[in-house]
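[1] I need the structure of the sequence given here:
(2 chains)
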Amino acid sequence: MILEVKNIEKFFHDPVEFKVLNDISFGVEKGEFLTLVGKSGCGKSTLLYILSTMDTEYKGQLIIDGENVTSYGQDQLAAIRNEKIGFIFQFHYLLADFTCLNNIMIPALKLGKLSKEEIEYKAMEKLRMLDMTDQALKPASKLSGGQQQRIAIARALINDPLIIMGDEPTGNLDSKNTQVVFEILQELAHEKGQTIIAVTHDNDFAKASDRTIIMSDGQIVRGE
Amino acid sequence: MANSINRKIATTYFISGRKMTTVAIVGVLLGISIFIFMNSLSAGFDRQSSESFFKTTAHIRIYKDDVLSVPLQPENENSVLIVNPKVVPTKNTIDNPEEILALVKQHSDVIVAFPQVNTPVFYNNGKSQIAGTTIGFPPVEGNQLYKIENFMVQGAVQNLEMNRNGIIIGSGIADRMNLNTGDNLSITSSKGVNLNLTVVGIFQTNNSREDKSKSYVNLALAQQLLREGNTYITDINVNVTDPNKAPAIAEELSTITGYKAEDWKAANAAYMAASKMRKIVITFISFTLLIVSCFGIYNILNMTVSQKINDIAILKAIGFNGKDVVRIFVYQALTIGMIGVVLGVGFAMILVNILSHVYIGGDIGNFPIGFEPLVFLKGILVGFFITFLAGYVPARKAAKVDPVSIFRK
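    The predicted structure is shown next:
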């Protein structure tokens, strides 16, 4: 199992005490394409932030790639995010001052395992896969929303992470691009053995995935 | 590798925020240049005043101090002593000048030491007389200490060595008596001794009071004017390697010789107090300016952090830790600091250069300011220190950004 959560509980304290997540436990296998669905406010994004190691205020256990990371410090978690997890956010979230190519390269430069040339070659490869090579040297802020989202996907893939997490990864894309992104994710899961965990509102997207966890009021309703 | 990416990000932010960084750089530039300028000014003043000081004053003067009389017998249980301590009028000469001089010269910090006798005299010109003071000393050592050769307008100090009956007079005396080198001058001492001397040199210090009254003669001649023998020595003048160490050395010399050794700082307490006050004011002003420019950088980096809060969240999400974020913003601050310091040093050099060419006049000449390497070094270090500090505080704030709370908005 590549990722496992045990008895996750999470409270919001502001403005009033509120239990967002209640006793969540499930596991994800390597190469699995998992989607999380549920109504707004059911806690699926909150859960994803916990899985991503960015949110550390929770009760329960989080095990990634055999390591129990629950008690890890911020620096260790940052290193895990850098190497093992790729992110695709709801609102693209690129660094506006950098070119697309640089945006994609930054996580790999931070990891520092490959030379700059190798990273650049790899980044161009990802761009080719997403049909974005002609935008490589444009500043990220000059791109349309859909284009930015594809750059964000390329950035999430640059370090060949074990797990790719997406918060509405196709939320800003038209149906054609949604299809492209879906196929890419599916291919990564099935052919390269990378695990995909995506929060989505798109029922077609969820249905086409390997497994769907449905959440309601902070609990898993189906798909454990 | 990981560091170079931090630097790359810092550089990109630095360039994309050109306008703000320029303002910050100008802030550092002004702060540092004024800091260096003010401190150069202070150092220049100090140098100038100690230079003009040492034209007439030795670093240390050894003389016989008046002492209070002490009772022959100390008071005890059985006898009560009624005394009225008084300064006993004894002679004010040093008893064994040769020995004392030899002792003083043995001290490792002493550069030059020589005996001196001052005596009030009248310079006679027909019926009119000019009152003044003549200083008797061995000319070579005396010149070494007072640097008289720098002020000679006619003749040379060495002439005094060759002509035992020679006298070097101030330009004011020469003008009023219409004297040139080679002319004769008659002087009368307070003891009624009348001597006919040859003018062998004329000096001009631009201090008109000195120029109108002072003259230099050989030691033996001064003793003769006072009707005293060659053991009559009132003062021993001492110059040491570092004038600032004079108080400590004076104390040592005092212990060694048994005579009062007074350093120039103690002898000129009023001047020292004024100079200390001036220093405090200048330091205060220059530090205030530094703090203002420090706040400038702080403000601008704070704004950058607020603007880039989204970017910081992304960077943290993709694996940058708190230290990386601190580094990114500290790099930025230090880049601002470095450019600001370099330009500031350049600007300070221009200011110093301009002011050093401003003519003031009197015995000062040009404005007493110059390139003080130490002051510049201090300015550079202080500049880097404040930019680091001003960058570090907002960078700490940036490092604490919680990415989840940003992504939720």
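
[2] which helix or strand contains the residue nearest the centre of chain A?
    In chain A, the centroid-proximal residue (C-alpha atoms, centre = their mean) is A:M165; its distance is 1.6 Å. In this structure, A:M165 is located in strand A:163-167 according to DSSP states H and E.

[3] kindly report the same for A:V37.
    strand A:33-38.

[4] by contact count, what packs against that strand?
    helix A:44-51, helix A:175-191, strand A:195-199, helix A:203-208, strand A:211-216 (3 or more C-beta pairs under 8 Å, 6 or more residues apart in numbering or on different chains; DSSP states H and E). No exception for glycine: its C-beta is placed from N, CA and C like everyone else's.

[5] report the rounded mean pLDDT for the strand holding A:M165.
    In this model, strand A:163-167 has a mean pLDDT of 89.

[6] and for stretch B:372-389?
    pLDDT averaged over stretch B:372-389 gives 89.

[7] follow-up on the earlier one: just name the most buried of the helices and strands packed on strand A:33-38.
    Mean neighbours per residue, mean count of other C-beta atoms under 10 Å in any protein chain shown, is largest over those for strand A:195-199, with a mean of 25.

[8] and that strand with chain B, contact?
    No. Against chain B, strand A:195-199 shows no contacts by C-beta under 8 Å from any C-beta of the partner chain, the least distance being 12.0 Å.

[9] show residues contacting that strand.
    A:2-3, A:28-37, A:44-45, A:48, A:51, A:88, A:162-169, A:185, A:188-189, A:205, A:209 (C-beta atoms under 8 Å, 6 or more residues apart in numbering or on different chains).

[10] repeat that for stretch B:127-142.
    B:112-123, B:148, B:157-158, B:160-161, B:167, B:170, B:173, B:176-177, B:187-188, B:212-223, B:225, B:237.

[11] count the residues that sit near the closest residue to chain A within the stretch 151-300 of chain B.
    Using C-beta to the nearest C-beta, the single residue of the stretch 151-300 of chain B nearest to chain A is B:I300, 16.2 Å away. By other C-beta atoms under 10 Å in any protein chain shown, the residues close to B:I300 number 25.

[12] check what pLDDT the spatially closest residue to it that is not a sequence neighbour gets.
    Distances taken as C-beta to C-beta, 6 or more residues apart in numbering or on different chains put B:A24 closest to B:I300, at 4.4 Å, once the chain neighbours are dropped. Per-residue pLDDT puts B:A24 at 86.

[13] any idea which helix or strand comes after the helix or strand that contains B:A24?
    Take DSSP H and E as the rule and B:A24 turns out to sit in helix B:18-54. For helix B:18-54, the following helix or strand on the C-terminal side (DSSP H and E) is strand B:60-63.

[14] in the chain, which spans are strands?
    No chain in the question, so chain A it is. A:3-12, A:18-28, A:33-38, A:59-64, A:67-68, A:85-88, A:163-167, A:195-199, A:211-216, A:219-222 (DSSP state E).

[15] actually chain B
    Under DSSP E, chain B gives strands at B:60-63, B:110-125, B:128-137, B:152-155, B:166-170, B:184-189, B:194-203, B:214-218, B:235-240, B:260-263, B:359-361, B:365-366.

[16] list the pairing partners of the last one within its sheet, with orientation.
    The sheet places strand B:365-366 alongside strand B:359-361 (antiparallel), with pairing taken from DSSP bridges.

[17] quick one, what contacts residue 180?
    Chain wasn't specified; assuming chain A. A:L130, A:D131.

[18] ah, no, chain B please
    B:Q154, B:A174, B:V199, B:I202.

[19] from B:I135, how far off is it?
    21 Å (C-beta to C-beta, to the nearest Å).

[20] residues near whatever residue of chain A ends up closest to chain B, how many?
    Taking C-beta to the nearest C-beta, chain B has its nearest neighbour within chain A at A:N82, 2.3 Å off. The number of residues packed around A:N82, counting by other C-beta under 10 Å, is 23.

[21] residues contacting it?
    Counting by C-beta under 8 Å, 6+ apart, A:N82 has contacts A:P107, A:K110, A:L111, A:N159, B:I318, B:G319, B:F320.

[22] any chance of the residues you listed in JSON lines, with distance to B:T387 and neighbour count too?
    Formatted as JSON lines, the contacts of A:N82 follow (distance: C-beta to C-beta, whole Å; neighbours: other C-beta atoms under 10 Å in any protein chain shown):
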{"residue": "A:P107", "distance to B:T387": "30", "neighbour count": "27"}
{"residue": "A:K110", "distance to B:T387": "25", "neighbour count": "23"}
{"residue": "A:L111", "distance to B:T387": "30", "neighbour count": "19"}
{"residue": "A:N159", "distance to B:T387": "34", "neighbour count": "23"}
{"residue": "B:I318", "distance to B:T387": "28", "neighbour count": "26"}
{"residue": "B:G319", "distance to B:T387": "28", "neighbour count": "25"}
{"residue": "B:F320", "distance to B:T387": "23", "neighbour count": "27"}
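
[23] adding distance to A:Q74 and pLDDT, write these out as CSV.
    Putting these into CSV (distance: C-beta to C-beta, whole Å; pLDDT from 0 to 100) gives the following:
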residue, distance to A:Q74, pLDDT
A:P107, 17, 88
A:K110, 15, 87
A:L111, 17, 87
A:N159, 19, 88
B:I318, 14, 87
B:G319, 11, 86
B:F320, 11, 88
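
[24] identify, from the residues you listed, the entry nearest to B:A248.
    B:F320 (56.0 Å; C-beta to C-beta).

[25] pretty sure the closest one sits against A:K110.
    Yes. Here B:F320 reaches A:K110: they are 6.1 Å apart, a contact under C-beta atoms under 8 Å.

[26] what residues does chain A put near chain B?
    So far as C-beta under 8 Å from any C-beta goes, chain A lies against chain B at A:45, A:49, A:52, A:54-55, A:74-75, A:78-83, A:87, A:89-90, A:93-98, A:102, A:106-107, A:109-112, A:155, A:167.
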